[in-house]
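Novice: What follows is a predicted protein model with its sequence.
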Number of protein chains: 2
Amino acid sequence: MVKKLLIMEKALELFAKQGFEATSVQQITDYCGISKGAFYLSFKSKEELILELIDHFMKQFISDIDYSVKNTNKDDLLSAFFYATYQSFQEHSNFAKILIQEQAHSLSEEFLLRMRDYDHKLDKAILTMIERVYGPKIETIKYDLIYSIKGFVNNYSGLILFNNLPVDVDLLVRSLVEKTNILAQHMTIPFVSPEISTLLLRSKDEKVSKEQLIELLEQKLNELDESIEKESLSLLKQQLLEPSFSPAIVKGLLENIRNHPHCKWISYLLRDFFEI
Amino acid sequence: MVKKLLIMEKALELFAKQGFEATSVQQITDYCGISKGAFYLSFKSKEELILELIDHFMKQFISDIDYSVKNTNKDDLLSAFFYATYQSFQEHSNFAKILIQEQAHSLSEEFLLRMRDYDHKLDKAILTMIERVYGPKIETIKYDLIYSIKGFVNNYSGLILFNNLPVDVDLLVRSLVEKTNILAQHMTIPFVSPEISTLLLRSKDEKVSKEQLIELLEQKLNELDESIEKESLSLLKQQLLEPSFSPAIVKGLLENIRNHPHCKWISYLLRDFFEI
DNA sequence: TTGACAAATGACCAGTTAGTCATTATTATA
DNA sequence: TATAATAATGACTAACTGGTCATTTGTCAA
């Protein structure tokens, strides 16, 4: 099994330098000083190597973060989080580079799903953290806060990693903690509403449940006056409970409510649900 | 010439979906309904197509931003900037996707240099903007502010583009303006120092000049007490004025000062200069 | 209808890719 | 030492890549 680790190590180096696609199996085996056949004794495909690398490092990273978020006292929590993050990034800088720059497309569906899942876990860890640190007072802006924190981490990491800056980690952490605190204390206009967050915090393939949709529909129906939009919503609710209309009709009903400011979101969720 | 536009349009679509590398010329010509030969009548290579696409959209984008930054009164400046940005992104969402997710490596040096140049222009536009909006009081934190603004733009764009969210642009702009204002008013601990910014704001290939380095060296020499580090610095200054040591010696001298807190930066710049 | 010119084609080239497998080398066991 | 089992090799395949170019098609004016 030591061969497997050698391959993972050397491959990571090349991937960080050139990206997944631009690195060939031949290059990896040359760099390891082994034959191409030997590679396929350890991994059944290049794809499998990539997935194993992702799993290996993400499991470590997420559990590090999660631990520090759950086992540090409230006052040092933010510092601990940023420290743990940049500690991990420095220790595994090759992986960090891949994490930050390797884009969505190119690779397999499996890869995307897995990354999304890890991202989701990270979101939950950050959410736990800010709820512990700031309590209920950031309720309305917590999703924007998650996003801002992830933004800071990403951008400053990219800055450091791709310019090979010598880093004063202490300063970086203090600076990011301050930015986070400032935003938490003064932000009043959230952009990421709970509605949007439900979409972001669920996995890509698991849809909003029919029951959730119906609940949301009823809520919206109460808000609206008699109108084409309200009737459309009502018919869509009927369709949810007992499908009877053709796709064309459903599409038309969705079109009716699409531009109503109160219905944009529900229209989006319904489109997602009816796969239109 | 209409053929050329067709190719650019269709190619952009495929690039946004799959990335540059994963999209073949064959795929593009199939999607356009033309022959492979016809492609090479309009572009002399795939690379040329990519560069033309980048130029086409970046010139538009940068000039839009620059105009709005220079021709809006101070009070609406931030709003105008974020509006212009998201207007552009919505209008050219395929290009925006490429801009946000297409990573550094993979492509040619020419591509990297050009992107860096546009990025640099954007930095300058944002700098102009925040200096106009906030005046001298943000002097010490202005580079962190640039970075935070770019972080917000990038992250919220990614959020919107890759989840196909229906966007309330007004809300988004108000939310980002607020975040920016909050940071500008309360941030006190900058991470991006003027030293770092000199590195970021210059193009990749233009180095810090020898004269600037010597000036910086003399400054550091005055700060230090007699020590191995000071002697190393002195010898390095000598090497700058008149090269005489072998690369191994220079490397050793740099190693001597690498971990001294006062010398991290100068050591980095010298490594860059001596190409070690 | 003809001839001249430009536009468009797609078979073809040389190179690279991920992945296979008959063959050979190495090691452990008896 | 002889045998069996395992590890490792690298020439090979089939598919695909960016790019070329002899050939065909389309469009004019004469």
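Specialist: Structure's in. What do you need?

Novice: Run through the residues that contact the closest residue to A:Arg258 other than its chain neighbours.
Specialist: Spatially, and ignoring its direct neighbours in sequence, A:Arg258 is nearest to A:Ser267 (5.0 Å; C-beta to C-beta, 6 or more residues apart in numbering or on different chains). The C-beta positions use only the backbone N, C-alpha and C, and glycine is treated the same way. Contacts for A:Ser267 (C-beta atoms under 8 Å, 6 or more residues apart in numbering or on different chains) come out as A:254, A:257-258, A:260, B:166.

Novice: Quick one, grab the pLDDT at A:Ser267.
Specialist: In this model, A:Ser267 is scored at 77, pLDDT.

Novice: what packs against the strand or helix carrying A:Gly158?
Specialist: Using DSSP states H and E, A:Gly158 falls within helix A:142-163. Helices and strands touching helix A:142-163, by 3 or more C-beta pairs under 8 Å, 6 or more residues apart in numbering or on different chains; DSSP states H and E, are helix A:77-91, helix A:93-101, helix A:109-134, helix A:169-186, helix A:194-201, helix B:142-163, helix B:169-186, helix B:194-201.

Novice: Export these as CSV, with columns for mean neighbour count and distance to DNA strand C.
Specialist: Converted to CSV, the helices and strands packed on helix A:142-163 look like this (neighbours: other C-beta atoms under 10 Å in any protein chain shown; distance: least, C-beta to the nearest atom of the strand, whole Å):
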stretch, mean neighbour count, distance to DNA strand C
helix A:77-91, 19, 27
helix A:93-101, 20, 16
helix A:109-134, 16, 13
helix A:169-186, 18, 36
helix A:194-201, 16, 32
helix B:142-163, 21, 26
helix B:169-186, 18, 40
helix B:194-201, 16, 33
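
Novice: looking at those, which is closest to B:Arg116?
Specialist: helix B:194-201 (9.9 Å; C-beta to C-beta).

Novice: ok, and what's touching that closest one?
Specialist: By C-beta under 8 Å, 6+ apart, helix B:194-201 touches A:159, A:163, A:165, B:120, B:123-124, B:143, B:192, B:208, B:265, B:269.

Novice: nearest to DNA strand D, of the helices and strands packed on helix A:142-163?
Specialist: Taking C-beta to the nearest atom of the strand as the criterion, helix A:109-134 is the member of those that comes nearest to DNA strand D, at 17.8 Å.

Novice: Now do the phi/psi pair for A:Asn71.
Specialist: phi -120, psi 30 (degrees, to the nearest 10).

Novice: how much space between it and A:Lys121?
Specialist: Between A:Asn71 and A:Lys121 the distance, using C-beta to C-beta, to the nearest Å, works out to 17 Å.

Novice: quick one on the thing from earlier: and the residue nearest to A:Arg258, how far from DNA strand D?
Specialist: A:Ser267 sits 37 Å away from DNA strand D, going by C-beta to the nearest atom of the strand, to the nearest Å.

Novice: Please identify the helix or strand for that residue.
Specialist: Short version, using DSSP H and E: A:Ser267 is in helix A:264-274.

Novice: just how off-centre is that helix within its chain?
Specialist: Taking C-alpha atoms, centre = their mean, to the nearest Å, one finds the center of helix A:264-274 at 21 Å from the center of the full chain.

Novice: first vs last residue of stretch A:129-142, how far apart are they?
Specialist: End-to-end span of stretch A:129-142 (C-alpha to C-alpha, to the nearest Å): 11 Å.

Novice: what's the spacing between A:Leu78 and A:Lys179?
Specialist: Using C-beta to C-beta, A:Leu78 is found at 10 Å from A:Lys179.

Novice: try A:Ala11
Specialist: 36 Å.

Novice: And for A:Ser88?
Specialist: 20 Å.

Novice: swap in A:Gln87?
Specialist: 19 Å.

Novice: Can you tell me which residues in the stretch 1-150 of chain A are near DNA strand D?
Specialist: Contact residues, the stretch 1-150 of chain A versus DNA strand D (C-beta under 7 Å from any atom of the strand): A:3, A:34-38, A:40-41.

Novice: now these: which count as buried?
Specialist: For these, a neighbour count by 16 or more other C-beta atoms under 10 Å in any protein chain shown gives the buried set as A:Ile34.

Novice: Nearest to A:Glu131 among the residues of the stretch 1-150 of chain A next to DNA strand D?
Specialist: So of those, ranked by how close each gets to A:Glu131 (C-beta to C-beta), first place is A:Lys3, at 44.9 Å.

Novice: Enumerate every residue touching that closest one.
Specialist: A:34, A:38, A:41-42.

Novice: Looking at those, which are in strands?
Specialist: Nothing among these maps onto strands, per DSSP state E.

Novice: Between the residues you listed, which sits nearest B:Leu213?
Specialist: Of all the contacts of A:Lys3, A:Ile34 has the smallest distance to B:Leu213: 44.0 Å, by C-beta to C-beta.

Novice: Now that closest one. Nearest residue, chain neighbours left out?
Specialist: Nearest non-adjacent residue to A:Ile34, counting by C-beta to C-beta, 6+ apart: A:Lys3, 7.3 Å away.

Novice: ok, A:Phe274 - contacts?
Specialist: A:247, A:250, A:254.

Novice: Can you check what pLDDT the model gives the second one?
Specialist: Same thing as A:Val250. On pLDDT, A:Val250 comes in at 88.

Novice: ok, it touching A:Gln238?
Specialist: No - using C-beta atoms under 8 Å, A:Val250 makes no contact with A:Gln238, being 10.7 Å away.

Novice: Those two: which is more packed in?
Specialist: The residue with more neighbours, out of A:Val250 and A:Gln238, is A:Val250; 18 against 14, by other C-beta atoms under 10 Å in any protein chain shown.

Novice: which element is the more buried one on?
Specialist: helix A:247-258.

Novice: For the helix or strand hosting A:Leu216, output the C-alpha coordinates as CSV.
Specialist: Using DSSP H and E, A:Leu216 maps to helix A:210-223. Output of helix A:210-223 as CSV, limited to C-alpha atoms (Å, rounded to 0.1, in the frame of the first residue of the first chain):
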residue,chain,number,x,y,z
LYS,A,210,-43.7,18.2,-1.8
GLU,A,211,-45.0,19.0,1.7
GLN,A,212,-42.6,21.9,2.1
LEU,A,213,-43.8,23.3,-1.2
ILE,A,214,-47.4,23.0,-0.3
GLU,A,215,-46.8,24.8,3.0
LEU,A,216,-45.0,27.6,1.2
LEU,A,217,-47.8,27.8,-1.4
GLU,A,218,-50.5,28.1,1.2
GLN,A,219,-48.5,30.9,2.9
LYS,A,220,-48.2,32.8,-0.4
LEU,A,221,-51.9,32.3,-1.2
ASN,A,222,-52.7,34.0,2.0
GLU,A,223,-50.5,37.0,1.1
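
Novice: buried set for that helix?
Specialist: Neighbour counts over helix A:210-223 (16+ other C-beta under 10 Å) mark A:213, A:216-217, A:220 as buried.

Novice: Ok, stretch A:48-60 next?
Specialist: Within stretch A:48-60, the residues scored as buried using 16+ other C-beta under 10 Å are A:49-54, A:57-58.

Novice: Which strand or helix spans A:Ile50?
Specialist: Element membership of A:Ile50, judged by DSSP H and E, is helix A:46-70.

Novice: Name the residues that touch that helix?
Specialist: Contacts with helix A:46-70, where a contact means C-beta under 8 Å, 6+ apart, come from A:7-8, A:11-12, A:15, A:20, A:25, A:43, A:77, A:80-81, A:83-85, A:87-88, A:92, A:95, A:98-99, A:107-108, A:110-111, A:114-115, A:118, A:121-122, A:125-126, A:128-129, A:132.

Novice: The spatially closest residue to A:Ser88 that is not a sequence neighbour - how many residues pack around it?
Specialist: Residue nearest to A:Ser88 in three dimensions, not counting chain neighbours: A:Phe61, with 5.2 Å by C-beta to C-beta, 6+ apart. For A:Phe61, the count of nearby residues is 22 (other C-beta under 10 Å).

Novice: cool, A:Lys74 as well?
Specialist: Neighbour tally, A:Lys74, other C-beta under 10 Å: 11.
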